[in-house]
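Participant: Compute the structure for the input listed below.
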Amino acid sequence: MQPDVAASVDAASVDPAPVLATARFVLRPLQPGDAEQVHRLVNDWAVVRMLSRLPFPYPRQLTDEWIASTEAQRKDGSAWHFAIIDRRPAPDGAAGRGQDRVLGCLGLRIDAAARSGDLGYWVGAKFWNAGVAGEAARRVSHWALANLDIDRLTAQVSTDNPASAAVLRRIGFRETGRGRQPFLARGGEHPVLVFEARHDDLSGPEPVAAPEPASATAAVAARRTVLVAACALVDAEGRVLLARRPEGRAMAGLWEFPGGKLEPDETPEAALIRELHEELSLDVSDACLAPFAFASHAYPTFHLLMPLYLCRRWQGVATPREGQTLAWVRPEALDRYSMPDADRPLVPLLRDFL
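Facilitator: Got it, this is the predicted structure:
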């Protein structure tokens, strides 16, 4: 039986106009009808003084021009901007009839060469101290790392803006240094804190603090070993199937070889047969799985041991059943895909073999 060749999926494809939801808010692209509310909220010294690119006073015409520019940036993938819309009923007079209630905005500017996105946000002063920035920034950050072709997020915060720095720390960003940045409204440079977040920092559930081991030896002893089986599916054209971890899972946005954890008393081959059927609707026999290599990697809270198998024959068409994105990748292009630390050393071995 010969494998069915599935069409490759563009690794950079995303919803051209994403609308994201949180418990309290909707984050959607800005619209011309938002201009009046946006201008009223941002043309406030308490807000503008913390934003590096905006003048004060902030003319209404600039609001219209900026909102128009965000659509062009979204279309060419250079930046993504979102209005923070309150899902809850607005008080009388808070917005016009049938009009969304804007609380603030978020922006993500993409540096394709550096494979990074720079996060910025602001919230109207009357909505401060209600967790708006944290809830919205967390959602956009998770979406960006899971769906855009980037490896990290960055952010800069004025040193006299401790509330914004606290927001970034709370959602998983790490402070990586200090610098200086021009602030147009203040008329000069001002010191800033520099933050960064990668897939390991933000993706997956909230971290739970564990008791600190008494020593480095105890830390190693306390680290449990997790056994995972993975498979390099190779099609008739010599391409390898990679799956991108969906938003909401640990290390969302990274590409990996399909597979999964072994259940109690399960062999690696049996685990792969089960996982490939559950995740991809593929039927594989034990005889078609050839042991190839293995990875041994120490993550902060566990040690991963992962045998990698080769498979060239299966039944069915690879179909994502768990929200993942699939891509058939030629061996020489495998290192262009961001992968978990455990998978990465397997790439040159596989590339040289194929």
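
Participant: And the next helix or strand past the helix or strand bottoming out on mean pLDDT in the chain?
Facilitator: Of all helical and strand segments in the chain, the minimum by mean pLDDT, DSSP states H and E falls on helix 216-222, at a mean of 45. For helix 216-222, the following helix or strand on the C-terminal side (DSSP states H and E) is strand 224-233.

Participant: elements contacting that following strand?
Facilitator: The contact analysis (3 or more Cβ pairs under 8 Å, 6 or more residues apart in numbering; DSSP states H and E) places strand 224-233 against strand 240-244, strand 259-261, helix 268-280, strand 302-311. C-beta coordinates here come from the backbone N, C-alpha and C atoms, glycine included.

Participant: would you turn the ones you listed into TSV with mean pLDDT and mean neighbour count?
Facilitator: Converted to TSV, those look like this (pLDDT from 0 to 100; neighbours: other Cβ atoms under 10 Å):
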stretch	mean pLDDT	mean neighbour count
strand 240-244	96	23
strand 259-261	94	17
helix 268-280	96	20
strand 302-311	94	19
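
Participant: Redo the ones you listed as TSV? Include distance to Val140.
Facilitator: Output for the helices and strands packed on strand 224-233, formatted as TSV (distance: least, Cβ to Cβ, whole Å):
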stretch	distance to Val140
strand 240-244	18
strand 259-261	29
helix 268-280	27
strand 302-311	29
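
Participant: Of all those, which one comes closest to Ala72?
Facilitator: strand 240-244 (27.0 Å; Cβ to Cβ).

Participant: Need the contact partners of the helix or strand just after the closest one.
Facilitator: Sequence order places strand 255-256 as the next helix or strand after strand 240-244, per DSSP H and E. Strand 255-256 is contacted from outside by Ala11, Ala230, Leu242, Ala243, Arg244, Arg245, Ala327, Tyr337, Ser338, Met339, Pro340, Asp343, using Cβ atoms under 8 Å, 6 or more residues apart in numbering.

Participant: Mark which of the residues you listed are buried, thanks.
Facilitator: Among the contacts of strand 255-256, those classed as buried by neighbour count (16 or more other Cβ atoms under 10 Å) are Ala11, Ala230, Leu242, Ala243, Arg244, Arg245, Ala327, Tyr337, Ser338, Met339, Pro340, Asp343.

Participant: measure the residue nearest the centre of the chain to Arg152 for me?
Facilitator: Residue closest to the mean C-alpha point of the chain, counted by Cα atoms, centre = their mean, is Leu145 at 1.5 Å. Leu145 is 8 Å from Arg152, where distance means Cβ to Cβ, to the nearest Å.

Participant: Residues that sit against both of those two, list them.
Facilitator: Ala197, Arg198.

Participant: three-state assignment of the residue found closest to Phe25 once you drop the neighbours it is linked to in the chain?
Facilitator: In space, and not counting its chain neighbours, Phe25 is closest to Ile84: 5.4 Å by Cβ to Cβ, 6 or more residues apart in numbering. Under DSSP: H, G, I helix; E, B strand; the rest coil, the three-state class of Ile84 is strand.
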